[in-house]
Each structure stands twice: as structure tokens, then as C-alpha cells.
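Asks: give the three-dimensional model of this entry:
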Amino acid sequence: MATEIVLIKNGNTSVEEINSAYIRLKHLRVDTIYPKDHNTVTFNCYTNTGTDGLIDGINSIEFDSLEGVNPESPWNKILLMNRGVGGFKDRANQNIKILIMDTKLFPRNTSQNTILDFINAKGETTEVYEILEPETIATIKEQELPYMVMPTKWWTDEDTTTQTDYAHFFTAFNYRDLHEIFETFKADPTGLISKYGDTKQGVQKYIEDTFKGVVLPTGCGEFGIYYINNKESNQRLIQEWEDNVKCYFPQEWSIPNEEDMDADYISYDHEWRDISEQSRFIYADTQDEDTNNDTRADLYFRTWIHKE
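Replies: This is a model prediction of the structure:
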């Protein structure tokens with residue numbers, strides 16, 4: 001098995017953001033936890049804006065946008081679902097998992113299993129018997145359905161124009177299994193961008209509407225969000241955590257320290273708590289990426305999550 005971790009550099013994403021995301025993953029030792037003959041982990045920068053300044057150890061995969069698609073558009077993510085995307089096809093004889101991670105997603109010390117977890121091939125069910133209903137298992141086999149992993153959202157997006165069930169910042173699938181999503185987009189990129197909007201949320205909504213397969217569930221509250229320099233919105237998250245996540249504890253509590261189970265999602269000015277350890281990934285939402293893309297602008301986040 002191989003895990004290809006992909007960080008996308010286009011638009012206003014800087015080389016430093018790619019390098020920082022890579023360092024966070026190296027800090028978690030995701031490429032050394034398993035023997036390389038069991039799971040070979042590779043780090044990739046998917047870019048059309050150059051690779052000068054990338055840290056050694058990050059492979060460069062350059063792409064050309066489809067006709068009618070802005071080179072800086074988030075829709076270029078869909079190209080990674082094409083069977084012939086550069087680099088991966090050279091190892092087509094392997095079982096390759098593609099994991100697309102946003103550079104503003106901060107994995108924490110208990111996130112490694114989710115990053116490295118095996119995804120069944122289309123139509124196979126060996127790893128999902130315990131989490132899916134028998135009827136679903138039978139349908140997967142009969143229709144040879146593919147799988148995806150996307151974070152289940154327990155929060156309400158600030159931008160209400162495009163609501164999605166899953167978050168855009170972590171997308172995992174097996175190489176070549178989502179080719180139909182690419183082909184559908186390729187047939188009418190201009191029309192689909194107009195319909196869904198030229199945003200990450202729009203791309204996510206398109207994926208959810210087009211995907212014909214099984215979305216594998218992520219853990220209860222496993223993925224979280226934090227609004228940079230917006231304490232009012234973060235206070236709202238505390239209440240949504242109370243309403244939508246804590247109601248499933250203790251059954252869904254996954255951290256050994258049960259003392260923290262009753263803590264708020266975000267603890268300000270506490271002697272040892274910060275953001276609940278139940279969330280193994282925290283996405284830093286800067287809200288206005290055109291004018292503010294700096295996750296270090298918030299002192300609380302910079303101190304307790306960025307940890308630089």
C-alpha cells in the first residue's frame with residue numbers, strides 16, 4: 001500500500017504554507033510509523049505556480065488547468081481524481097490512497113491512524129463490516145461502489161450560501177476510483193463552476209452531489225474548526241459542540257483522559273485545557289482568504305495549536 005499526501009499550492013497559497021504543513025506531518029512521524037513495505041508515505045505539492053523554496057522531501061506534481069478553469073481556482077482539486085494524473089500513474093500496480101489535505105488543517109498528536117488508515121478497493125468490504133449495515137454491504141458488493149473519507153461536520157458554516165454535509169479540508173480516496181467525478185466536471189467545467197460557485201465550498205458541494213459510493217464515517221468530533229480572530233464565532237462553536245457532539249459521550253469519547261470529557265470545545269484562560277483533544281484535526285478558518293490567509297494572526301491559535 002502507498003499513501004500519497006497531497007498539499008495544493010495555487011491561488012494565494014505560499015511555499016511557506018506548504019513547507020509548514022509538511023513539517024507538521026513529519027512531526028507526527030506519519031512516514032515512519034509503518035514499515036515502508038506495508039505503507040509507503042509520500043508527500044506531494046500539487047502546483048501550477050512553481051516549486052522554488054520547497055523543502056527537500058516534498059515531491060512536485062505540476063498541473064495544467066482545464067480550458068475555462070482559472071489556474072488559481074479551487075476546482076483544480078478535481079484534476080487529482082483523474083486516472084492519469086502525473087506521478088501516481090507510475091505506481092499504478094500498487095494500492096494507492098490519495099489524501100488531499102488543506103494547508104490550514106492542523107493534525108494533532110492522535111491523528112496518525114486517520115491519516116494512514118487503509119481504504120478498501122471498489123466493491124470490497126473486508127474493513128467495513130463493523131461500521132456499515134448489511135444492506136449497505138450487499139449494495140457495495142453488487143454495484144462495486146467506491147469509498148471516500150470526508151470529515152462529518154458538527155458545526156454550521158459561517159457562509160450559509162453553500163451548505164455541505166462534509167468538510168472540504170480532508171479528502172481521501174483510492175487512486176482512479178473517482179474518475180467519474182473528474183469526467184463529469186471535464187464535460188462542462190464552466191457550467192458547473194457557475195452553478196456551484198468558484199469556492200472550496202462549491203467544489204465540496206459538487207463532489208457530494210456527484211459521488212456515487214460510500215462516505216466512510218469519521219469519529220464523533222474528530223475534526224474541528226477554529227475561526228481565526230473571531231471569538232464570537234468560536235463561542236458559537238462551543239454551544240454547537242455541546243448540542244451536537246457532547247450528547248454522544250461517553251460512548252463516543254475516544255481520549256483516555258475522561259476528566260476532559262465535560263470540558264468545553266474551546267477553553268479560554270484555563271490552566272491546562274485549550275481545544276478538546278477529542279478533535280484530532282483542527283482547521284484554521286481565516287474566513288476571508290483573499291485578504292487574510294494568516295493562521296498566525298490569532299494569538300490563542302498560534303500558542304496552543306500552531307505551537308511555533
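Asks: okay, CA-based contacts and neighbour counts for the rest of this
Replies: Will do.
Asks: and stretch 55-72, what's buried?
Replies: Within stretch 55-72, the residues that count as buried by 16 or more other CA atoms under 10 Å are Ile58, Asn59, Ser60, Ile61, Glu62, Phe63, Val69, Pro71, Glu72.
Asks: quick one: which of these is nearest Trp272?
Replies: Of all the buried residues of stretch 55-72, Ile58 has the smallest distance to Trp272: 35.0 Å, by CA to CA.
Asks: still on that earlier bit, strands - which of the buried residues of stretch 55-72 land there?
Replies: Using DSSP state E, Ile58, Asn59, Ser60, Ile61, Glu62 are the members of the buried residues of stretch 55-72 that sit in strands.
Asks: now render those residues as TSV, adding distance to Pro250 and pLDDT.
Replies: Shown next, in TSV, are these (distance: CA to CA, whole Å; pLDDT from 0 to 100):
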residue	distance to Pro250	pLDDT
Ile58	40	96
Asn59	42	93
Ser60	44	91
Ile61	44	88
Glu62	46	86
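Asks: list the buried residues for stretch 172-186?
Replies: 172-183, 185-186.
Asks: make JSON lines out of those residues and add secondary structure, pLDDT and distance to Pro35.
Replies: Output for those, formatted as JSON lines (DSSP: H, G, I helix; E, B strand; the rest coil; pLDDT from 0 to 100; distance: CA to CA, whole Å):
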{"residue": "Ala172", "secondary structure": "strand", "pLDDT": "97", "distance to Pro35": "21"}
{"residue": "Phe173", "secondary structure": "strand", "pLDDT": "96", "distance to Pro35": "21"}
{"residue": "Asn174", "secondary structure": "strand", "pLDDT": "95", "distance to Pro35": "20"}
{"residue": "Tyr175", "secondary structure": "coil", "pLDDT": "91", "distance to Pro35": "21"}
{"residue": "Arg176", "secondary structure": "coil", "pLDDT": "89", "distance to Pro35": "25"}
{"residue": "Asp177", "secondary structure": "coil", "pLDDT": "93", "distance to Pro35": "25"}
{"residue": "Leu178", "secondary structure": "coil", "pLDDT": "94", "distance to Pro35": "28"}
{"residue": "His179", "secondary structure": "helix", "pLDDT": "94", "distance to Pro35": "30"}
{"residue": "Glu180", "secondary structure": "helix", "pLDDT": "95", "distance to Pro35": "33"}
{"residue": "Ile181", "secondary structure": "helix", "pLDDT": "97", "distance to Pro35": "33"}
{"residue": "Phe182", "secondary structure": "helix", "pLDDT": "96", "distance to Pro35": "33"}
{"residue": "Glu183", "secondary structure": "helix", "pLDDT": "96", "distance to Pro35": "35"}
{"residue": "Phe185", "secondary structure": "helix", "pLDDT": "97", "distance to Pro35": "37"}
{"residue": "Lys186", "secondary structure": "helix", "pLDDT": "96", "distance to Pro35": "38"}
